[in-house]
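Predicted coordinates and the sequence they were generated for:
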Amino acid sequence: MPTVSPSHRDLLENRATVAFATVGADGTPQVTAIWAMLDGDVVRTSLTKARQKYRNLAAHPQVTLFVIDPANPYRTLEIRAIAEVTEDPDLVFLRRLLAHYGTDLESFPGPTQDRVVITLNPTRVVENG
């Protein structure tokens, strides 16, 4: 399985908002800005089942995550992956993700019902810069 090299891990260890692309029902990409974090050698994020991107990846688990270094727009990280969905009924992962971004569940303005953890199992990692 491809992994993110040490030279680009900081792009996911920092609090960057990343672009997350899924395949829509008509075959076109749907791209959304999300929070995600590196967890070992995989990237994880949290979604609610009510979102279009969840429905997209449930039908087509092929996804791409793209990060641009805010200090150097020529330094990027692209992770093409197969998404794996697991339940997060007690919001354990959501709490970890929010803490990574410097906030907590009580301050989080998004929905907390029907949360799932999305784990990206990389099929290709492209690092530039």
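Perfect, I can see it now.

what about the residue located most distally from the centre of the chain, which helix or strand?
Within the chain, residue 26 marks the point farthest from the mean C-alpha position, 22.1 Å out by CA atoms, centre = their mean. Assignment of secondary structure by DSSP states H and E places residue 26 within no helix or strand.

Then residue 53?
In the assignment (DSSP H and E), residue 53 maps to helix 52-59.

Give the buried residues for that helix.
Neighbour-count burial for helix 52-59 flags 53-57 (criterion: 16 or more other CB atoms under 10 Å). Backbone N, C-alpha and C define where each C-beta goes, glycine included.

So what touches that helix?
Applying CB atoms under 8 Å, 6 or more residues apart in numbering, the contact partners of helix 52-59 are 20, 22-25, 30, 32, 47-48, 63, 83, 85, 116, 118.

residue boundaries of the strands in this protein?
Using DSSP state E, the strands of the chain run over 17-23, 29-35, 37-39, 42-48, 62-69, 72-87, 115-128.

how far does the helix holding residue 53 sit from the chain's center?
For helix 52-59, the gap between its own C-alpha mean and the chain's C-alpha mean amounts to 13 Å (CA atoms, centre = their mean, to the nearest Å).

on that earlier part again, and the pLDDT for the residue farthest from the centre of the chain?
In this model, residue 26 is scored at 95, pLDDT.

where's it relative to residue 65, distance?
22 Å (CB to CB, to the nearest Å).

swap in residue 85?
When distance is defined by CB to CB, residue 85 is 15 Å away from residue 65.

same check, this time on residue 54
Distance, residue 54 to residue 65, using CB to CB: 15 Å.

Perfect, that will be all.
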